[in-house]
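Chemist: got a predicted structure plus its sequence, pasted below:
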2 protein chains.
Amino acid sequence: MIKGEETKEKILSSALYWARRFGLESLTIGELAKTVGMSKSGLFGHFKSKETLQLKVLDFAAQHFTNSVIIPAIKAPRGIPRIKEMVGHWLQWASESLNGGCPFVAAVTEFDDRPGPIREKVRSYQEQIIDTFSKACSIAIVEGHFSKNTEPRQFAFELYGLMLGHHLFFRLLEDPDVQERFNISFGQLLEKYQGQAGTLKMFGEKGPLP
Amino acid sequence: MIKGEETKEKILSSALYWARRFGLESLTIGELAKTVGMSKSGLFGHFKSKETLQLKVLDFAAQHFTNSVIIPAIKAPRGIPRIKEMVGHWLQWASESLNGGCPFVAAVTEFDDRPGPIREKVRSYQEQIIDTFSKACSIAIVEGHFSKNTEPRQFAFELYGLMLGHHLFFRLLEDPDVQERFNISFGQLLEKYQGQAGTLKMFGEKGPLP
């Protein structure tokens, strides 16, 4: 990595850390300059405007998500095992509490009412992750793990809802049973889409998460 | 209502409108003064500090929620009919798009990383709504609508997850099928807790929502 890229990565990493904790909208070039110990004009040279900075932070977060969640999961066998890997890595990623949780979950409610390029980018990344879950579901149908009647986007809708529930119970409510609650509901969700109660056992006794 | 109370209600109503759209943290006494056409010092007289204003807005929103969702639902017969009424009114309340969605959903991700009195209030209101759903579930067990094995807070966890999924699909993704998706999943959730497939039909053919 050449030096300019390294600097940019370091800046984006600090910016993401800020956005995860305080929201993307409160991220300003001035605040960021203080955090990374650079001049405001130096940062302007990199990003030109607050909006460009916010968009770059979202791209950086998406790249981080792909590396932490999607790429490791794709190595798992097709179908339910891959879905479980994806969910396991997603939970790990969203639960890194020092990093302030999932930046996309926070950005969703922050920008759903603010039309403009940032809302469009947040929406596009959310559609991508829902498509990824829908595709993983389609593969599970082809592999014979899920019933042929399954509607992949409906599965993705329910799975994402469970994840959002996990986020709330874990981060705000600090529910000590959140992991077990999630495991039970996720296991039953997989079971429902298999269309026959009890076959979940074929995936081992230790529950649905890796 | 005496004049001072009317003024306060008008101010809080504007403040809630702002918080629903742009977040509670971006709400300042200065901005609010411009919106309601009062002097900044006049508003300071009412609220003393930004934090007091934010806390009052949350109380105001909670009162609005109780009036719009809880009180009408309590009139419905105990058990599943009451749960359906609650969910129906919650969706209506959260879907008033002109008002910028549910202020609590937005506040959850905004404040889960910011320790202090506002986070504590948001948390306490979220616990209250989850308790309300848990209690409605307990009543459904007593009434014989739900299986005796049901764990009420697990039901509330799953129901709240579905609602958060609805919020995302409705407000950010603008999914045209969101209402149907929600109805299907909510119907299956009720069915699961009844512990016997098919008995949902006793609640009418038009689906789980009123």
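Modeler: Received, thanks.

Chemist: residue A:104 reaches residue A:64, doesn't it?
Modeler: No: using CB atoms under 8 Å, residue A:104 is not in contact with residue A:64; the gap is 10.7 Å. All C-beta spots, glycine's among them, are computed from the backbone N, C-alpha and C.

Chemist: check the gap between residue A:52 and residue A:9 for me.
Modeler: 16 Å (CB to CB, to the nearest Å).

Chemist: what comes up buried for stretch A:35-51?
Modeler: Buried residues in stretch A:35-51, defined by neighbour count with 16 or more other CB atoms under 10 Å in any protein chain shown: A:36, A:38, A:43, A:44, A:46, A:47, A:50.

Chemist: which single one of those is nearest to chain B?
Modeler: Taking CB to the nearest CB as the measure, chain B lies nearest residue A:50 of those, at 14.1 Å.

Chemist: wait, does the longest helix anywhere in chain A contact chain B?
Modeler: Longest helix of chain A, by residue count under DSSP state H: helix A:117-142. Yes: Helix A:117-142 reaches chain B (CB under 8 Å from any CB of the partner chain) through A:119, A:122, A:123, A:126, A:127, A:130.

Chemist: what residues sit buried inside that helix?
Modeler: A:118-119, A:121-123, A:125-126, A:129-130, A:132-134, A:136-137, A:139-141.

Chemist: following element in sequence after it, please.
Modeler: Next along the chain after helix A:117-142, taking DSSP states H and E as the criterion, comes helix A:152-167.

Chemist: how far off helix B:178-194 does the helix or strand just after that next one point, in degrees?
Modeler: The helix or strand immediately downstream of helix A:152-167 is helix A:178-194, counting by DSSP H and E. Computed by axes from the mean of the first three to the mean of the last three CA atoms, to 10 degrees, the angle separating helix A:178-194 from helix B:178-194 equals 100 degrees.

Chemist: mind giving me the packing neighbours of helix A:178-194?
Modeler: Applying 3 or more CB pairs under 8 Å, 6 or more residues apart in numbering or on different chains; DSSP states H and E, one finds that helix A:178-194 contacts helix A:80-95, helix A:152-167, helix B:152-167, helix B:178-194.

Chemist: any chance of those helices in JSON lines, plus mean neighbour count?
Modeler: Compiled in JSON lines, those are given as follows (neighbours: other CB atoms under 10 Å in any protein chain shown):
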{"stretch": "helix A:80-95", "mean neighbour count": "20"}
{"stretch": "helix A:152-167", "mean neighbour count": "23"}
{"stretch": "helix B:152-167", "mean neighbour count": "23"}
{"stretch": "helix B:178-194", "mean neighbour count": "20"}
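
Chemist: for residue B:145, which of the ones you listed is the nearest?
Modeler: helix B:178-194 (6.6 Å; CB to CB).

Chemist: alpha carbons only: can I get that closest one in PDB?
Modeler: Written as PDB, here are the backbone C-alpha positions of helix B:178-194 (Å, rounded to 0.1, in the frame of the first residue of the first chain):
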ATOM      1  CA  VAL B 178     -44.100  -4.600   3.000                       C
ATOM      2  CA  GLN B 179     -47.600  -4.800   4.400                       C
ATOM      3  CA  GLU B 180     -48.300  -8.200   2.900                       C
ATOM      4  CA  ARG B 181     -44.800  -9.400   4.000                       C
ATOM      5  CA  PHE B 182     -45.500  -8.300   7.500                       C
ATOM      6  CA  ASN B 183     -49.000  -9.900   7.600                       C
ATOM      7  CA  ILE B 184     -47.700 -13.200   6.400                       C
ATOM      8  CA  SER B 185     -44.800 -13.300   9.000                       C
ATOM      9  CA  PHE B 186     -47.000 -12.000  11.800                       C
ATOM     10  CA  GLY B 187     -49.700 -14.600  11.000                       C
ATOM     11  CA  GLN B 188     -47.100 -17.300  11.100                       C
ATOM     12  CA  LEU B 189     -45.700 -16.000  14.400                       C
ATOM     13  CA  LEU B 190     -49.100 -16.200  16.000                       C
ATOM     14  CA  GLU B 191     -49.600 -19.700  14.600                       C
ATOM     15  CA  LYS B 192     -46.200 -20.800  15.900                       C
ATOM     16  CA  TYR B 193     -47.100 -19.700  19.500                       C
ATOM     17  CA  GLN B 194     -50.500 -21.400  19.200                       C
END
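
Chemist: tell me how far it lies from the chain's centre.
Modeler: Its chain's average C-alpha position is 19 Å from that of helix B:178-194, according to CA atoms, centre = their mean, to the nearest Å.

Chemist: still on that earlier bit, can I get the helices and strands packed on helix A:178-194 in JSON lines with mean pLDDT?
Modeler: Converted to JSON lines, the helices and strands packed on helix A:178-194 look like this (pLDDT from 0 to 100):
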{"stretch": "helix A:80-95", "mean pLDDT": "93"}
{"stretch": "helix A:152-167", "mean pLDDT": "96"}
{"stretch": "helix B:152-167", "mean pLDDT": "96"}
{"stretch": "helix B:178-194", "mean pLDDT": "95"}
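
Chemist: export these to TSV and tack on distance to residue B:20?
Modeler: Output for those, formatted as TSV (distance: least, CB to CB, whole Å):
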stretch	distance to residue B:20
helix A:80-95	25
helix A:152-167	18
helix B:152-167	12
helix B:178-194	19
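
Chemist: okay, now the unreliable bits of chain A?
Modeler: A:1-2, A:97-100, A:196-210 (pLDDT under 70).

Chemist: at 50 what do you get?
Modeler: Within chain A, the set of residues satisfying pLDDT under 50 comprises A:197-210.

Chemist: tell me which residues touch residue A:101, please.
Modeler: The neighbours of residue A:101, taking CB atoms under 8 Å, 6 or more residues apart in numbering or on different chains as the test, are A:20, A:94, A:95, A:167, A:171, B:109, B:112, B:113.

Chemist: just residue A:93 next, same as before
Modeler: A:65, A:68, A:69, A:102.

Chemist: roughly how far apart are the second one and residue B:110?
Modeler: Computed as CB to CB, the residue A:68 to residue B:110 distance reads 24 Å.
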